[in-house]
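[1] Sequence and predicted structure, then a few things I'm wondering about:
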Amino acid sequence: MHGRPRKAAKPEDEAASAAQAQELRALQSQLLSNHHNKIYTDEAQQLSAKLVQQNPESYTAWNYRKLVVQHNLAQSESDPDSLKSILDQELGLVESALKQNFKSYGAWHHRKWVLSKGHSVLDRELKLLKRFQQSDPRNFHAWNYRRFVAALLNRSEEEELDYTREMIEHNFSNYSAWHNRSVLLCNLMKKKSQGFFPKEKVLNDEYEHVHDAIFTDPDDQSGWFYYLWLLDQTVKTDAPLLVASWPAHESDVILSRNRRSDDSSFSPFDSFHSDSGTIPLILYFNQAVEGVNSSTITIESSFCTKDLNWKPLLQNNSQLSQVWVTHIKFPDVKPHSSEAYQLKISVGQSQGIISASGIHYSHPTQLAFKVCLRPIETEPATKKGGHRILWRDENFHMYQPQSQEPDEVVPIDQLIINDHEPTASNWRAETIANEIALFRELSELNCKIGKLTLARLLTAHDVILSPRTSKMAHSEEVLELYTDLIKLDPLHSQYYKDEHSLVLLQKVTSNRESLLNHCFSYKNLASSSIGNDICLRLSNLSLSRMGSIEKLLWVQMLDLSHNELHSIEGLEAMQLLSCLNLSNNKLGSLTALGPLRLLKSLEVLDISYNEIGSHTIDRTRYLCSTPLSHTEETSWNSDEIVTGGASVKDNWEAVLIFKSMSLTQLAIVGNAISGENFKSLLVKLVPTLEWLDGDKLH
C-alpha cells in the first residue's frame, strides 16, 4: 500500500499473528458477553481496556467503555476529585490506544466524548497534540481534534492561524496545515476581523507566503492545492450576482403562435414560438441561490398582475439553484392584429435572495424588454412532426444576416449583465496578471501542476477581462496547455478534456463574430418553416462537457453531434430549446439524459449512436433519484407491463426521462438499449411521438 513492496511473511511472524488473532477473538467474545449482560466489574473494565489497546478500531469496545465511564461517574457524583480521576484515567487509556494506531477514528471520537463531560484539564491536550503532530504533522485526525479543543479553550482564530504558519514553515508539505489555514482565513475574512480586511490585501499576503513553498519544491502538491484555493478566492465574488437573463435587457422579442412567420423585420434570434402564448423568463446567477420568488422579483406590466411561480432548474428537490425560471402568459391577440407589451423586471429590490454560504444578493438589478405578439392565423399551423427534421449537412447553410452590421444580430452581449464591481475586477485582473508572469517559467519545465495552474490563471484572466474586450486573448495558449497535459498525464486525461471543452466553448461564445461562425440556417425543401430556423452547430469539436450556457439561453435548435459528451449537465437552463441533436457522443446511460426532463419546449431529440445500455453498471444511477426515494413525481403503476414485454419497473429511468416530455421526433438507433421492446415502451410513454428512428408512427 502507498508504494510499499509486499514481503512474504516469515513462519515465526505468521505464528505470532495467528496467536494474536486468537487472543483478540477471545477478548472480544468476553467483552460482548459483558456488554450484553451489563457487567461493569473491575475485571470487565480491565478486559475492555486491554482490547482497545490492542485493537483501537473496535467500536463496540469503545461504546462499552462509555457505559463503564457513565456507570463509574454515577457512583461518584458527589466527589469532584473522583470524577476527575475517572475521566483522566479514560484519557490515559485513549492515549495508549492512539500510540498503537494514531489514525483510529474510534479512539479520537472517544477522546472527544470524554472531554465533553468536563472536569478535564484542556491545556495538556494541546501539548499532547503537539507531540503527536511532531511525529506525523499531516494527520487530519489530529487537526480535526485540535479544532475541537481550540473551540473548547476559546482560542482565537488568529492564534490558530499563527500556529498553522509555524507548522508550515517547519514543513512545507503539511497539507493539513494548509487546509486548516484556508478554513481559518475564510472565517476571518467573512467576519472582516481586524487585519483581515480588505480581502485583496489578505490574499496578496498569502500569495507571497505560498510562493515560498511552491518555488522551494515545485513537486510537492500541498502548496499547489493551497494556491488553487487562493486563485478561486481571487476569481469568485463573495456575493451572488445576476450574470445573464432571457429575454435580455432592452431586447425586442417576437412571440408567435404560428410556426411560420414571413415578417423579416426582426432577427430570427429574437423570435419564439409558443402554442400557449407563454414565454419563459430565465435568471442565471453566478452561484446557486435560494429565495427567488414574487417578493424578491417584481414584474411591472399592463397585464401580469398575479404572482408568478419561480422554479429552480434542478433535477432534485433542492431550493438552491444557479438558474431560475418562471413562465409569463400573454393575452390572446385577435387575427390580423399585433400587440406589444413592455415588461420591467426588478431583481433583489428587497432582501431574500441568498447564496449557499449565507451571503445576500446585494446588487439590485433592473431588466426591461418588449414582447411583440403576432396574430394567430385562422388556418392551423404545420407542426414540426409533420415533416421530419433532418440533421444532414446539406440541410444547413451558413447564416447570412440581412443587416450589414453583425453586431446587431446575435444577442450574446445583451444576455450578459456586467454592471458590477469594476474596482474589484481591476484588482483581480492585476493580481492574476502578476501571477501569470511568475508561473510561465515553471510551465516550461514539464511540471504538470505548473502547466495546470498556468492554464487556470490564463483562463481566469480572460474571463475577468472578457466583458470589456469581448474576446478570450489567451484561449489558444490554454487549449495547447490542456492538450499537452492530456499527453503528459494520461491518468487524468478526462479531467483535462473537460477543461479543454470549457475553454473552447468560452472562446466560441466570447463574441458575436465567433458565435456567428457556428450559426446556420436550417433549410429543408420538403417541410415548412420550423419557426426559428437558426441552428447553433457545435458538432465535431471533441467536446466532453458543456459550458458557457449563460451565453446560449437564446438557442432553440442545437447540434452537439459527433463529440465526446458523457454528460449534458447545464442544458436544463436552455429553456427555449426545441430541437436537439446529441447523436454520436459517449452518453453512457439514460440517467445522463436527466437535464432533458426540464426542457418543456423540446420536441425533436436525436440520441442515436451513443453508449446507452452498453455499460453493465450505470454510475450515474447513484447520483439520480429513483422512484423509491420519494423525490420524483410519478403517476405510473410499477407493475404495469407494456406492449412487447418491456416492464416499466425494469425501465424506471426511461419512465422518469420520457414520461413528462412532449417529443414529436426521437432517434435512439445505435444504442444497446434500442431494441423493439424498448421502442414499444417509448411509444406508450410519449403519446405525442410521430417519428421514431426515422419511421412514421401515425
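    Done, it's in. Residues are numbered from 1 along each chain as shown.

[2] Could you use CA atoms for every contact and neighbour count after this?
    Will do.

[3] Lys487 - how many residues pack around it?
    Counted by other CA atoms under 10 Å, the residues lying close to Lys487 total 12.

[4] I should have written Asn34 there, sorry.
    18.

[5] Output the contacting helices and strands for the helix or strand containing it.
    For Asn34, the element it lies in under DSSP states H and E is helix 11-37. Using 3 or more CA pairs under 8 Å, 6 or more residues apart in numbering; DSSP states H and E as the contact definition, the elements that helix 11-37 packs against are helix 42-54.

[6] Taking helix 11-37 as reference, get the angle to the helix it packs on.
    Counting by axes from the mean of the first three to the mean of the last three CA atoms, to 10 degrees, helix 42-54 lies at 140 degrees to helix 11-37.

[7] for helix 42-54, packing partners?
    Counting contacts by 3+ CA pairs under 8 Å, 6+ apart, helix 42-54 is packed against helix 11-37, helix 59-74, helix 80-100.

[8] Which one, of the ones you listed, ends up nearest to Leu184?
    Closest of the helices and strands packed on helix 42-54 to Leu184 is helix 80-100, at 26.7 Å (criterion: CA to CA).

[9] Save the helices and strands packed on helix 42-54 as JSON lines, and put in mean pLDDT and distance to Gly547 too.
    As requested, those are exported to JSON lines (pLDDT from 0 to 100; distance: least, CA to CA, whole Å):
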{"stretch": "helix 11-37", "mean pLDDT": "83", "distance to Gly547": "55"}
{"stretch": "helix 59-74", "mean pLDDT": "92", "distance to Gly547": "46"}
{"stretch": "helix 80-100", "mean pLDDT": "90", "distance to Gly547": "48"}
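
[10] Of all those, which one is nearest Glu611?
    Comparison of these against Glu611 by CA to CA identifies helix 59-74 as nearest, at 44.2 Å.

[11] Give me the distance from that closest one to the chain's centre.
    When C-alpha coordinates are averaged (CA atoms, centre = their mean, to the nearest Å), helix 59-74 and its chain have centres 43 Å apart.

[12] Show me what it packs onto, helices and strands only.
    Helix 59-74 makes packing contacts with helix 42-54, helix 80-100, helix 105-115 when contacts are defined by 3+ CA pairs under 8 Å, 6+ apart.

[13] If you count neighbours, what's buried in the second one?
    If I follow you right, that is helix 80-100. Neighbour counts using 16 or more other CA atoms under 10 Å place 83-84, 86-88, 90-91, 93-98 of helix 80-100 among the buried residues.

[14] And the shortest one, by the same measure?
    Applying a neighbour-count criterion of 16+ other CA under 10 Å, the buried positions in helix 105-115 are Gly106, Ala107, Trp108, His110, Arg111, Val114, Leu115.

[15] which of these lies closest to Ser583?
    Comparing the buried residues of helix 105-115 against Ser583 with CA to CA places Gly106 closest, at 51.3 Å.

[16] Would you check that that closest one makes contact with Trp62?
    Yes - Gly106 sits in contact with Trp62 when judged by CA atoms under 8 Å, with a separation of 6.9 Å.

[17] What is the least confident helix or strand in the protein?
    The helix or strand of the chain with the lowest confidence, counting by mean pLDDT, DSSP states H and E, is helix 412-415 at a mean of 60.

[18] List the residues that contact Leu228.
    With contacts defined as CA atoms under 8 Å, 6 or more residues apart in numbering, the neighbours of Leu228 are Thr453.

[19] after the helix or strand harbouring it, next one along is what?
    With elements delineated by DSSP H and E, Leu228 resides in helix 221-235, which encompasses its position. Heading C-terminal from helix 221-235, the first helix or strand you meet, by DSSP H and E, is strand 242-246.

[20] can you give me the mean pLDDT across that following strand?
    Strand 242-246 carries an average pLDDT of 93.

[21] helices or strands up against that strand?
    Packed against strand 242-246 by the contact rule (3+ CA pairs under 8 Å, 6+ apart) you find strand 278-290, helix 412-415.

[22] Name the next helix or strand downstream of that strand, please.
    Sequence order places strand 252-256 as the next helix or strand after strand 242-246, per DSSP H and E.

[23] Show residues contacting that next one.
    Applying CA under 8 Å, 6+ apart, the external contacts of strand 252-256 come out as 247, 266, 270-275, 277, 279, 369-376.

[24] domains of this protein?
    Each structural domain of the chain that the record assigns through automatic domain parsing is listed here as a residue range: 26-155, 242-387+401-408, 422-466+471-510, 538-698.

[25] Let me know which of the ones you listed is the nearest to Val210.
    domain 422-466+471-510 (11.8 Å).

[26] which regions of this protein sit below the pLDDT cut-off?
    Under the criterion of pLDDT under 70, the regions of the chain flagged as low confidence span 1-14, 258-268, 305, 335-337, 376-386, 402-425, 442-445, 467-470, 525-532, 616-649.

[27] For the residue minimising distance to the centre of it, which non-adjacent residue is closest in space?
    Residue closest to the mean C-alpha point of the chain, counted by CA atoms, centre = their mean, is Glu569 at 9.0 Å. Spatial nearest neighbour of Glu569, excluding adjacent residues (CA to CA, 6 or more residues apart in numbering): Pro595 at 6.3 Å.
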